[in-house]
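In: build me a structure from this.
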Amino acid sequence: MLFKKYSKPQIFIILALITSLIVQGIIGINQSSVTYDETCFIGHGKAIFDTGYMRYMLLMDHPPLSYYINSIFLLPLKFDKSIWFPPETGGIECFDIGSKVLFHSGYDFKKILFVSRLPFIFLSVILAFYVLSWATQLYGKKSGIIALLFYSFNPTIIAYSGLAVSDFVLAMMIFIATYYFWKLMKEPCTKNLVLTGIFFGLAQLSKTTAILLIPLYIIIGFTAVYKKENNIKTKTLIKYFFVILIIAFFLILIFHKFQFGTFNDILPPSHYSEKARSELSKLPFSETLLFIYDKVPFPTPVFIGTIGTIFYLSLQQGSGYVFGNITEGVVWYFPIVSFLLKTSLPLLIILLMLLIFHKKLQKKDIVTYLSLIAPLLLIFIIFSNTDKMAGIKHIFTIYPFIFVLASNIINIKIRRKIYFNLAINILLFFYILSTILIAPFYLSYINILGLGPNNGWNISGGTDIDWGQDLEGLKKFMERNNIDKVKLSYFGSIDPKYYNVSYEYMPSPYFQPWDPDYTFYLEERHEDCSERRGIIAISVTNLLNVHLFNKTCYNWLENYEPIEKIGHSIFIYDVQ
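Out: The predicted structure is shown next:
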């Protein structure tokens, strides 16, 4: 058992850190209203279980594992079957199902939201123990506890472990899958091989980004062969790869209910089917490709289609915002900016100290270094070259690896060790303090480099600050100040009326389901950007005009100061 390695005081500290993680996670769950992506996740696993239907459009956005996880506590609930759209209905969107489950299931939507998010808290505890374990194995028990401290008081970990989306599941599965592959290279045995295959498969079922495990395994594996790690030979490594892929294949089959058929018969009807046909017809050998699409059966074609969809979307240009400028497409350095702003300054200082004093650390083997560092490099490289990068949510997977690396800081052999340890303790104190001070608005955390969450939106907008999470706070503000109605420009996927926010509509992104002009795609749109009078509430993303056609729509608000900032993501103006 893991705890056998630690003294009683150390066990007490570990349990205290885990308890604080759970408490902070539940605080975050209760604070945040439904975030933008959650309506595309909540209840979707239950929809699949209740209907047996596997052609929902949601399965073209992400593999099903996160959908199943968020529905664990929903399965016993009795929903009116009428909330499910007839399976044959074309164009059923992920937003449709999420809204039905939240607001038309016959249950209090806040309870549905809570129990949909709750499983991710349990997953967070599991990941915490893996971070503790790996750091302990590499650098010692004290390092393990420090790694756990980094994990338990990281605002981004706390925020995303309380949201019913795929990002946390992906981070967890990639980290554990990498850990077991590292174990396999260090201690080749059937147990480590099977566990590697299981978590590799679960990672693929979490999010398409998990494909990066393939080049990662190849890099680590052939390095182990080259360095003659445990006498692993090329033939043995290839056998390992084969077994890992076979285990993953069967897991993917099971989670897709042994789906087998042609892309034409299995992909969601309407939008995705028509779009796939349209794009294939533009490619070389289009007749052959269309024949395969229509006639050739495959196992789990939806899973294959998901990979194709994400690669296609990653090539589509979107809008970004960085250093005060709206960009056409996402600039290559945005992942670095997002990381530097969303990571606590004490942790950044500790990482810098590791670089400066790396020669004063005990050297580890190259396989271990690659297992911890290569994932970081691959993630930054991938998201520096795609327009899918939307903030820390897309590079969130780096944090567990960083915590393990950073925990080695106490093992630096240096003169005046007492002063060095004092400096580390001061940094750890301010690390914890920075998280306590941002509570309960963990999702909006920006460090002092970005001048804090009140000012960080000037540098990096979007999901790093604003994911539609503060409708509950807006309603409470209105109640406290006896405001019956606001003029509202909101960035989010649900109609604010569900939080009893009475509003007069102001221009908001057209791709939001509650928007009057909602549709998949618009080439142009008239937006009434004239100045308003009265109490104005506007999401930061919209204040920056990022997703509006008129990129100066709300520039007139620059002449006014907000009278209130709701959770750092919704600004309130009183314009007379």
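In: show me this structure divided up by domain.
Out: Domain ranges of the chain: 1-259+300-438, 260-299, 465-575, per automatic domain parsing.
In: straight-line length of the second one, end to end?
Out: Which is domain 260-299. One end of domain 260-299 sits 4 Å from the other (C-alpha to C-alpha, to the nearest Å).
In: so how far is residue 168 from residue 410?
Out: Distance, residue 410 to residue 168, by C-beta to C-beta, to the nearest Å: 28 Å. In this view, the C-beta of every residue, glycine as well, is placed from N, C-alpha and C.
In: need the strands for the stretch 251-400 of the chain, in chain order.
Out: With DSSP state E, counting those that start in this stretch as the criterion, the stretch 251-400 of the chain has strands at 260-261, 298-299, 319-322, 325-328.
In: now the chain
Out: 260-261, 298-299, 319-322, 325-328, 486-489, 503-505, 534-539, 564-566, 570-575 (DSSP state E).
In: quick one: closest of those strands to residue 442.
Out: strand 564-566 (15.0 Å; C-beta to C-beta).
In: what about residue 280, how many residues nearby?
Out: 18 (other C-beta atoms under 10 Å).
In: before we move on, the earlier item: out of the domains of the chain, which is closest to residue 459?
Out: It's domain 1-259+300-438; of these, that one is closest to residue 459 (C-beta to C-beta) at 5.9 Å.
In: setting the sequence-adjacent residues aside, check what's closest to residue 354.
Out: residue 409 (6.0 Å; C-beta to C-beta, 6 or more residues apart in numbering).
In: ok, the one you found to residue 385 distance?
Out: Taking C-beta to C-beta, one finds residue 409 at 31 Å from residue 385.
In: try residue 21
Out: Where residue 385 is concerned, residue 21 sits at a distance of 34 Å (C-beta to C-beta).
In: contacting residues around the residue nearest to the spatial centre of the chain?
Out: Central residue of the chain (C-alpha atoms, centre = their mean): residue 167, 2.5 Å from the mean position. Residue 167 is in contact with 160, 207, 393, 394, 396, counting by C-beta atoms under 8 Å, 6 or more residues apart in numbering.
In: out of those residues, what pair is the most spread apart?
Out: 160 and 207 (12.5 Å).
In: chain neighbours aside, what residue packs nearest to residue 69?
Out: Nearest to residue 69 is residue 119, by C-beta to C-beta, 6+ apart, at 5.1 Å.
In: if I look at the one you found, how far off is residue 468?
Out: 21 Å.
In: who's more crowded, those two?
Out: residue 468 (26 against 19).
In: return the residues in contact with the more buried one.
Out: 33, 34, 35, 36, 490, 491, 492, 493, 494, 539, 569.
In: neighbours around the residue lying closest to it once chain neighbours are set aside, how many?
Out: Nearest non-adjacent residue to residue 468, counting by C-beta to C-beta, 6+ apart: residue 492, 2.7 Å away. Residues near residue 492, counting by other C-beta under 10 Å, number 28.
In: any idea how far residue 39 is from residue 492?
Out: From residue 492 across to residue 39, the span is 9 Å (C-beta to C-beta).
In: overlap in contacts of these two?
Out: By C-beta under 8 Å, 6+ apart, no residue touches both residue 492 and residue 39.
In: so between residue 21 and residue 385, which is more surrounded?
Out: Between residue 21 and residue 385, counted using other C-beta under 10 Å, residue 21 has the larger neighbour count: 23 against 13.
In: how far away is the closest residue in space to the more buried one that isn't next to it in sequence from residue 160?
Out: Counting by C-beta to C-beta, 6+ apart, residue 21 lies nearest to residue 152, which is 4.2 Å off, once chain neighbours are set aside. Distance of residue 152 to residue 160, given as C-beta to C-beta: 14 Å.
In: swap in residue 39?
Out: For residue 39 relative to residue 160 (C-beta to C-beta), the value is 17 Å.
In: ok, residue 266 next?
Out: As judged by C-beta to C-beta, residue 266 and residue 160 stand 31 Å apart.
In: between these two, tell me which one has more neighbours.
Out: Per other C-beta under 10 Å, whichever of residue 266 and residue 160 has more neighbours is residue 160, with 26 against 22.
In: who does the helix or strand of the chain with the lowest mean pLDDT touch, helix- and strand-wise?
Out: Least confident helix or strand, the chain: helix 271-280 with a mean of 71, by mean pLDDT, DSSP states H and E. Other elements packing on helix 271-280 under the criterion 3 or more C-beta pairs under 8 Å, 6 or more residues apart in numbering; DSSP states H and E are helix 286-295, helix 301-314.
In: returning to that earlier point: so which of the strands of the stretch 251-400 of the chain is the most packed in?
Out: strand 319-322 (a mean of 21; mean count of other C-beta atoms under 10 Å).
In: same for that one, what does it pack against?
Out: Strand 319-322 packs on strand 325-328, helix 334-342, going by 3+ C-beta pairs under 8 Å, 6+ apart.
In: outside of it itself, list whatever touches it.
Out: Contacts for strand 319-322 (C-beta under 8 Å, 6+ apart): 326-331, 333-334, 337, 387, 389, 459-462, 544, 546-547.
In: drop anything exposed from these.
Out: 326-327, 330-331, 334, 337, 387, 389, 459-462, 544, 546-547 (16 or more other C-beta atoms under 10 Å).
In: the helices and strands packed on helix 271-280: lowest mean pLDDT?
Out: Looking at the helices and strands packed on helix 271-280, the lowest mean pLDDT belongs to helix 301-314 (a mean of 76).
In: good, we can wrap up now.
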